[in-house]
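> Okay, predicted coordinates and the sequence, questions at the end:
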Amino acid sequence: MIMVLMGGSYDDREAVIRDLMQLYKGRIQCVNVANIPSPEARVERLQLEIKPNRPFRVITVVNNPGSVEEVNELRRVGACFAHVYGTLFSIYDHVTVERHDVQIAPIPHRRALPSHVLTPEEAVSEFMLRGRPGQVA
């Protein structure tokens, strides 16, 4: 499964990744291409790093794609999008939150947020149910 974290603060995204690593030890692979200057080069790197045919139990987490091209590529390969509850960045002027995307927050903040905001564990569970082989969405 490919899980994309977008939006929110840097600290909240990092906290979600920490939660995922604690919950799913040995199953998380993090991909961050923010240090690559051009959107085209970032998409090329994503194509190298992301393997859609990996076993579904392996969770590849892409942290905060920074361009429309990256988002389009990730959607093309079937990535699941989790929008971190909080600040929306300028990329949201050019990409949409789609119907099957979820909102997510780190575990410690869960009680103070609206019910539609999921914990990392709830989001992974939701994505796994949707992506099970032979299932109809």
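That came through fine. Here the structure is a predicted model, which means the values were calculated and not measured.
> can you point me to the longest helix in the chain?
helix 10-23 (DSSP state H).
> is it fair to say residue 81 lies in a helix?
No. Counting by DSSP: H, G, I helix; E, B strand; the rest coil, residue 81 falls outside a helix, being strand.
> Just to check, it is in contact with residue 1?
No. Counting by C-beta atoms under 8 Å, residue 81 does not reach residue 1; the two are 11.8 Å apart. C-beta: built from backbone N, CA, C; applies to glycine.
> Tell me which of those two has more neighbours.
Using other C-beta atoms under 10 Å as the criterion, residue 81 and residue 1 rank with residue 81 on top: 25 against 20.
> show me the contacts for the more buried one.
Contact analysis of residue 81 by C-beta atoms under 8 Å, 6 or more residues apart in numbering lists 4, 6, 74, 75, 97, 98, 100, 101, 102.
> give me the beta-bridge partners of the last one?
Each beta-bridge partner of residue 102 is listed here, defined by DSSP bridges: residue 82.
> My read is that it contacts residue 119, right?
No. Look at residue 102 against residue 119 with C-beta under 8 Å: they stay out of range, at 10.5 Å.
> Quick one: low-confidence residue ranges for the protein.
Residue ranges of the chain with pLDDT under 70: 109-111, 132-137.
> at 50 what do you get?
Counting by pLDDT under 50, the chain contains low-confidence residues at 134-137.
> Now do the helices in it.
Along the chain, counting by DSSP H, helices occupy 10-23, 39-49, 68-76, 120-131.
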